[in-house]
Each structure stands twice: as structure tokens, then as C-alpha cells.
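Asker: Here is the input, now give the coordinates:
(2 chains)
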Number of protein chains: 2
Amino acid sequence: MLDKGLIALDWGTTWLRAYRMSAEGEILASSQPQAGIGNLGTGDFESIFAAVTKDWLEEAGDDAPVIVLSGMVTSRQGWIESPYAPCPADPRSLAALAIPHETKNGRKIWFSPGLSTTIDGKYDVIRGEEMQILGAVDGLGTGRQFVCLPGTHSKWAVVEDGVILDFRTYMTGELFEATRRHTIIGRMMEHDAWSDSGFDHGLDAAEADRGLLGELFAVRSRTLLNALPVEESGAFLSGLLIGSEVLEAQRLYEIGGEVCIIGNPALTELYVRTLSRHGIRSRQLAETMAAQGMFRFAHSVRERA
Amino acid sequence: MLDKGLIALDWGTTWLRAYRMSAEGEILASSQPQAGIGNLGTGDFESIFAAVTKDWLEEAGDDAPVIVLSGMVTSRQGWIESPYAPCPADPRSLAALAIPHETKNGRKIWFSPGLSTTIDGKYDVIRGEEMQILGAVDGLGTGRQFVCLPGTHSKWAVVEDGVILDFRTYMTGELFEATRRHTIIGRMMEHDAWSDSGFDHGLDAAEADRGLLGELFAVRSRTLLNALPVEESGAFLSGLLIGSEVLEAQRLYEIGGEVCIIGNPALTELYVRTLSRHGIRSRQLAETMAAQGMFRFAHSVRERA
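Answerer: Prediction:
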């Protein structure tokens, strides 16, 4: 169906990852220009798109590949705003809400929708990471599977038979920065120090389950009472927050067995460490999984078109 | 015992409240100069103290009153650093750790200790609010009683027969500011708007008990999915955080019956509203309760001296 191959742009707030893929889903070429939408003005989108795809489109000539875009470039702050597809969702339901657009050069391109959930009174949205989740699906086992994408806004998704059943976002990374930079607990911290033992003590505090509002202030109290060395307090805060996230996700989704973690190695390693304390195995995948997810999405777009 | 009366200084980071009290604990005069320790340099303490107490000491002449100071003025960033008295604590155990000091004018003054707890693996510290708690004790019923001091760092204390058994600090107010000023959820907020309905929906979200890291991000998702009007999202965040604090405190201390709330009326009203949803009655007291607490503390200091 994608006999001319695919050009896929995973275009977020802080990065742009562009892929040229074969009809079989192999990555033939890729580029990562410094062009996250966070720093762009209106009108920049078209010219950056043209520059990034120029060589690939010239090589293709008349055999025009399918072109898809996902991520924050499809948000109100992006190039073309697309709606949210509700959970449960799969490539076909996403493709049904994709927005076609013709560039000034007469190229037809497709903007993926975001993904939303309102299941059980939760409210949540994704733009971009859903392609990483879809990309991981092929490698997952049968039955209910769990995917975790740690970061500024960590995501946990429940997947079954290629369908994203539900997901939940945790403000873990952003709260780490906001509390250590803008509250009293950051004042007695050595921001560049790391300590595995501090991290583990933070996990202990999270697992004691006394509640986050109290434990956050206690980071300072522990230091004042000489129960936590200043140079371990940053890692302690990290452990407290990641431990709390895993606890919240476990309660929501009754997570067990194996979790598939997609992210940068240093961060995913902390999640592996946390999950192993709960007897949960984990498998790590690279963030380029988005390319595989967009390949699956593009197949459904082509079926629709 | 305090036959010459008392001068009591409740001296915190952002305020100084000075009281001249009679032998019976009546407030004869008070002043609130703009002199929180947050903006003072070394050496300022002595001169501000002299200015604030000058008239009162001249009037007293040879009948020198007892002079006590509490709050952040007793911290490392303050005038004289005092230790922490561990819970359970009462005026006598606090007085045992008070630090005497002679001013340049030859006046003997007493710095109260802070209060700490390490009960059940919690770690927590107070400097200043313990005097408000002690001040409220006389008006409390018999048996186990609960005192709440809402604010930047909200405190909940468990009191029985005049003894502070334990307490816990929640980073509620500071997290409200840090998240609305320094994270993504503040971007779509009207910071000056208020909405009772938004606050109540925030309480609903807290009581659903899905965990704070997820609910914080959901403030944004609710707005994007049109489940929360932008002008209600600030009040929603307030309800989410205060509701979470009350839930944490309830779980820790099995709070029931009546709670004594000490703070400014606008803020305590939100706590009254929250507690009433849990069938808990509340009584509101003014922050000047610190004067009564320092009077009790001064009695024990005088017994010791």
C-alpha cells in the first residue's frame, strides 16, 4: 500500500525528527534539525518542511511518497490543528481523523490527530507520543500490555491487540524542575550531584504512601534533621516523584508482568530500577519507535485516501 | 510568675508581630513593623528589636518584663539559632531548650526552640507556628484534638491535654504558586479569576484519589477537552491541592469531630468548605493566637530560669 514509501515527521515542541522510509517500513534516511515548534513563528512551518523534505522529494520524482506529520505541530500552536481521537484507538481510528493539507508546492500531506481519553472520569491528551506507542505494539506480547514513556510529562498506556485502550499522563519531570527551581526544597540542594542511595531513599518515601504534599516538604525537613545529606537530596526528590508516579500508575492499571519503556537510556534506567522493586520486568526501546508508529498510521491513511 | 508581664516577638520570614502583654496574658499593645527576617542583614536584628521594644521597656522601668522570641528569627538565617524540640512537646519541654541571650543593652531575652518530629518515619520541622498551636490549646476540648494552619506550608497538629503529640507540613500553598507560575498548567489559567464551582470540582478530583501527579497534568487536559472553563482552572487547582492535603492529613491522623483552623479568613474559609464535605466541623481562630502560645511558653521559661 505504501509502494512509494513514506516521509514521516515527528515534530514536537523541542525537536523535529524526520524520516524517509521504504515501502517495507525500513528507515532509509533521517534528519534532526533544530526546529522544535516552541521557537517557530507562523509561516516558518512551510519553509522548514520544504527544506527538510527537499532532497527526498527530488529523489522520489513522480513516485511521490505518502507524507505524514504528528506531534505538537498538529496543535493550536502548530501548523495545522487536528482534533483528538478518543480511546480506545488504533491506526484506523486515528487515520479517520487525520487532516489533509496541500502545501504551497502542491504536495498533499497528512496531519495526525491527537489522542484523548475520558475513561472513568479521567481527562487526558497526547500529541506525538501515541506514535511511539503504536510503534512498540508489534514487539509486545499478547493480551494486556503496558507502555511507559518517561519524561517531562510521563505517559503510561495500556495496549491490547494493537489497540491503545487508555493512557495517563503524570507531571513528574516538570514537577521535579518546578519544585527544585522554584520552592524552598531546592534551596538546600546540590543540583548537579547524583546519588543512587538518595534515589532509593526517595523510592522508600514514595512507597511509604503518606502522600506527596507532605513528602515534598519533608525533603527539606530530612536535610535539616540530618536524615538526608544535602548532596543526596536532588536524587531523593527524583526517587520520590518517580516512585509516586509508578505507584499511581500501578493503582490505576494493576500493572504486572512486563512494562515496555521508551525513552532516553539514563532516564529509563531509573524506571527499570523502580519497577524491579515491585517485581515488574521491563524492556527498553528507543524514542525512534515513533517512525514505526507513523508507518502503521500512514498505512491506514492510505487505505482511507 | 510573669508578674512584670511579657514582651513577645513572633518574628517570621515575612512579618514581625510584637506584643506587650500583662501578667494575666492580656494584650496591652502590639505592633507589626515591616521587618520580616527575609530582608534583613546581620546586625539588623538587634536594632529592630531595640526600636520595637524601646517604649515598652522605658514604661516598665525597673520592672523588667520577660522577653521571648519565636519564629524564623531563631533559625540559622535569623538572629540566634536554637535547636529543635522533639515531639511530643509542651511549653515545659520547649522552655528546656530555649536559648538565653543578652542584648547589647544588657537585656536578657529568650529564643524559643523549633519543633521537630520523626514519629513513624516522618520527618518534619516547625519554627513559629508551634506558638499558634499552643495558643489554641486552652480553647480545645478534651481528648485528641486537631489544629490546622493553612498557608504556604500548611501544618496539621495533633494535640492532647496541652501536649503537641505530632504534626505534619504540606507544601500546598507553595506548590499552588510553583505549578501555576512555572508549569504548563498555568499557561491556560486566568490567575485573578475565582470560581466556587471550579474549587468544588477540584475537590471532586482530589477525592477521586487517582493520585496528584496525574491530576495535576489533567488540569490542562480538562481545559483542552472543554471539561473545565479556563476561568475556573485556577480555583480547580486550589481545590485539587487543598482537597489532597485534607485527604493526606485524614489518612495520617484519622481526623474526625472538629478541627481548629488558624489563619486568614479567606483561606480558612476554603478549608471549612473542604472539611464540611467530610462531615468534619471546624472552628476558626486568628493568627494572633501566637501571643497566647508565647505567654504559656514564657511561663515555663520563667519557671526554668
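Asker: just the strands in the stretch 1-150 of chain A please.
Answerer: Along the stretch 1-150 of chain A, counting by DSSP state E, counting those that start in this stretch, strands occupy A:6-11, A:16-21, A:27-31, A:66-70, A:84-86, A:99-102, A:108-111, A:114-117, A:124-126, A:144-149.
Asker: of all those, which lies closest to residue B:189?
Answerer: Judged by C-beta to C-beta, the one of the strands of the stretch 1-150 of chain A that comes nearest to residue B:189 is strand A:124-126, at 16.7 Å. (C-beta placed from N, C-alpha, C; glycine too.)
Asker: Check which helices and strands the host helix or strand of residue A:247 is in contact with.
Answerer: Counting by DSSP states H and E, the element that carries residue A:247 is helix A:233-253. Contacts defined by 3 or more C-beta pairs under 8 Å, 6 or more residues apart in numbering or on different chains; DSSP states H and E place helix A:233-253 against strand A:154-160, strand A:163-170, helix A:172-182, helix A:196-208, helix A:212-224, helix A:265-277, helix B:212-224.
Asker: Now that helix: buried residues?
Answerer: By 16 or more other C-beta atoms under 10 Å in any protein chain shown, the buried positions in helix A:233-253 come out as A:233-250, A:252-253.
Asker: re the thing from before, for residue B:158, find the nearest of the helices and strands packed on helix A:233-253.
Answerer: Among the helices and strands packed on helix A:233-253, the nearest to residue B:158 by C-beta to C-beta is helix A:212-224 (13.9 Å).
Asker: and the closest residue to residue A:216 other than its chain neighbours, how many residues sit next to it?
Answerer: Spatial nearest neighbour of residue A:216, chain neighbours left out: residue B:171 (4.5 Å); criterion: C-beta to C-beta, 6 or more residues apart in numbering or on different chains. Using other C-beta atoms under 10 Å in any protein chain shown, residue B:171 has 26 neighbouring residues.
Asker: Would you tell me which of the strands of the stretch 1-150 of chain A gets closest to chain B?
Answerer: Comparing these against chain B with C-beta to the nearest C-beta, the closest turns out to be strand A:124-126 (4.7 Å).
Asker: So what are the sheet partners of that closest one and their directions?
Answerer: Its sheet considered, strand A:124-126 pairs with strand A:114-117 (antiparallel) by DSSP bridges.
Asker: Could you pull out the buried residues of the strand it pairs with?
Answerer: For strand A:114-117, by 16+ other C-beta under 10 Å, it's A:114-117.
Asker: Give the rounded mean pLDDT of that strand.
Answerer: For strand A:114-117, mean pLDDT rounds to 98.
Asker: circling back to that earlier point, export the helices and strands packed on helix A:233-253 to CSV and append columns for mean neighbour count and distance to residue B:46.
Answerer: CSV is the format used below for the helices and strands packed on helix A:233-253 (neighbours: other C-beta atoms under 10 Å in any protein chain shown; distance: least, C-beta to C-beta, whole Å):
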stretch, mean neighbour count, distance to residue B:46
strand A:154-160, 24, 51
strand A:163-170, 23, 49
helix A:172-182, 20, 33
helix A:196-208, 19, 39
helix A:212-224, 25, 25
helix A:265-277, 17, 49
helix B:212-224, 25, 44
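Asker: Out of these, which is closest to residue A:35?
Answerer: Nearest of the helices and strands packed on helix A:233-253 to residue A:35, taken as C-beta to C-beta: helix A:172-182 at 22.1 Å.
Asker: Contacts only, for the residue lying farthest from the centre of chain A.
Answerer: No residue in chain A sits farther from the centre than residue A:225, which is 38.2 Å out by C-alpha atoms, centre = their mean. Each residue near residue A:225 by C-beta atoms under 8 Å, 6 or more residues apart in numbering or on different chains is listed here: B:84, B:116, B:118, B:123, B:125.
Asker: Which one (most neighbours) among these?
Answerer: The most neighbours of any of the contacts of residue A:225, using other C-beta under 10 Å, belong to residue B:123, which has 23 neighbours.
Asker: OK, contacts around that residue?
Answerer: A:218, A:221-222, A:225, A:227-228, B:116-117.
Asker: Make JSON lines out of those and add distance to residue A:8.
Answerer: Conversion of the contacts of residue B:123 to JSON lines gives the following (distance: C-beta to C-beta, whole Å):
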{"residue": "A:218", "distance to residue A:8": "46"}
{"residue": "A:221", "distance to residue A:8": "49"}
{"residue": "A:222", "distance to residue A:8": "47"}
{"residue": "A:225", "distance to residue A:8": "53"}
{"residue": "A:227", "distance to residue A:8": "50"}
{"residue": "A:228", "distance to residue A:8": "46"}
{"residue": "B:116", "distance to residue A:8": "57"}
{"residue": "B:117", "distance to residue A:8": "56"}
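Asker: which among those residues gets closest to residue A:51?
Answerer: Nearest to residue A:51 among those, counting by C-beta to C-beta, is residue A:228 at 50.1 Å.
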